[in-house]
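Asker: Sequence first, then the predicted structure, then my questions.
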Amino acid sequence: MTIYFTTIFFILVVEMFIFCVIVLPLPSRWRRAMFKFASTSPLVDKALNTLRIVFGFIFVLFIDAVNRLQRLNENEEESHHDHSYEESLKASKFYAQRNLYLTGFTLFLSLILERTSSLVIAMLKKEEELEDAMKEHVSSTQDQERLETMETTFKNKITALKVEVEELKKQEKDIENLKKQIAQQTEEYNQLRDRHESLKQKQA
């Protein structure tokens, strides 16, 4: 293989490795850290821009392999019974097919990787939104429980205050009764004192 097809094979192996890492059932924390690093790192951004240019060259090589394979098929149909020419034609066709499959699979896997990574990123975002919603729900339920406990304590205080008010009303009635009794007793005492004074005056 030439240098650029060896490079394409190396890129294909790297793509397969990255795809296996993405598909592996890793914990959500690791996946988030990995995708956060991939989305925020400037090195990864530069590497992706370089890879886009490389995939452009790979696409050109794919088109070239398709054209070469078509030419070889036409030459095979026109070829006569020259065994050495047929063998070299078959070898060239084999290399052209190999280059076609290599470039085609590399391009196809790059599309799959891009789609899979975008789906995984969207899934991780939805998981984060779900966790935030769950946290908000837990905090809202805690606040609701707090409000319910505060409401019950206030209700208990209100009932206790009502009982105290009733007791105070009873005490007020008792005080009024005592005032009436004292007023009656003072009136009786005044009457008795007046009688006593009048008796004293009569005896004098």
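Answerer: That came through, no problem.

Asker: can we go C-alpha only for contacts and neighbour counts from here?
Answerer: Fine.

Asker: Quick check: closest non-adjacent residue to S110.
Answerer: The shortest distance from S110 to any non-neighbouring residue, by C-alpha to C-alpha, 6 or more residues apart in numbering, is to E15 (7.0 Å).

Asker: How far does whatever helix or strand I182 lives in sit from its chain's centre?
Answerer: Per DSSP states H and E: I182 is located in helix 83-203. Per C-alpha atoms, centre = their mean, to the nearest Å, the displacement of helix 83-203 from the mean C-alpha position of its chain is 21 Å.

Asker: which strands and helices sit next to it?
Answerer: helix 3-23, helix 28-40, helix 42-78 (3 or more C-alpha pairs under 8 Å, 6 or more residues apart in numbering; DSSP states H and E).

Asker: and the residue nearest to S110, how far is that from D143?
Answerer: From E15 across to D143, the span is 49 Å (C-alpha to C-alpha, to the nearest Å).

Asker: Neighbour count for the two, which is higher?
Answerer: Shown here are E15 and D143; by other C-alpha atoms under 10 Å, E15 has more neighbours (18 against 12).

Asker: Would you check that that one makes contact with L109?
Answerer: Yes - using C-alpha atoms under 8 Å, E15 is in contact with L109, at 6.9 Å.

Asker: Show the contacting residues for the spatially most central residue of the chain.
Answerer: Ranked by distance to the mean C-alpha position of the chain (C-alpha atoms, centre = their mean), the top residue is E128 at 1.1 Å. By C-alpha atoms under 8 Å, 6 or more residues apart in numbering, no residues touch E128.

Asker: Distance check, it against E136.
Answerer: From E128 to E136 the distance is 12 Å (C-alpha to C-alpha).

Asker: Over to Y4?
Answerer: Y4 is 54 Å from E136, where distance means C-alpha to C-alpha.

Asker: likewise V163?
Answerer: To E136, V163 is 40 Å away according to C-alpha to C-alpha.

Asker: Quickly note the distance from N73 to S84.
Answerer: In terms of C-alpha to C-alpha, N73 sits 17 Å off from S84.

Asker: again with E15
Answerer: 39 Å.

Asker: Provide a list of residue ranges in this structure with pLDDT below threshold.
Answerer: 1, 39, 44, 75-83, 85, 204 (pLDDT under 70).

Asker: if you set the cut-off to 50 instead, what comes out?
Answerer: Within the chain, no stretch falls below the threshold (pLDDT under 50).

Asker: Could you count how many residues lie near G104?
Answerer: 19.

Asker: One more: I8?
Answerer: With other C-alpha under 10 Å as criterion, I8 counts 21.

Asker: do the same with L124
Answerer: So L124, with other C-alpha under 10 Å, has 17 neighbours.

Asker: Also T141?
Answerer: With other C-alpha under 10 Å as criterion, T141 counts 12.

Asker: before we move on, back to that, ok, which of the helices and strands packed on helix 83-203 comes nearest R98?
Answerer: In terms of C-alpha to C-alpha, the element of those nearest to R98 is helix 42-78, at 8.8 Å.
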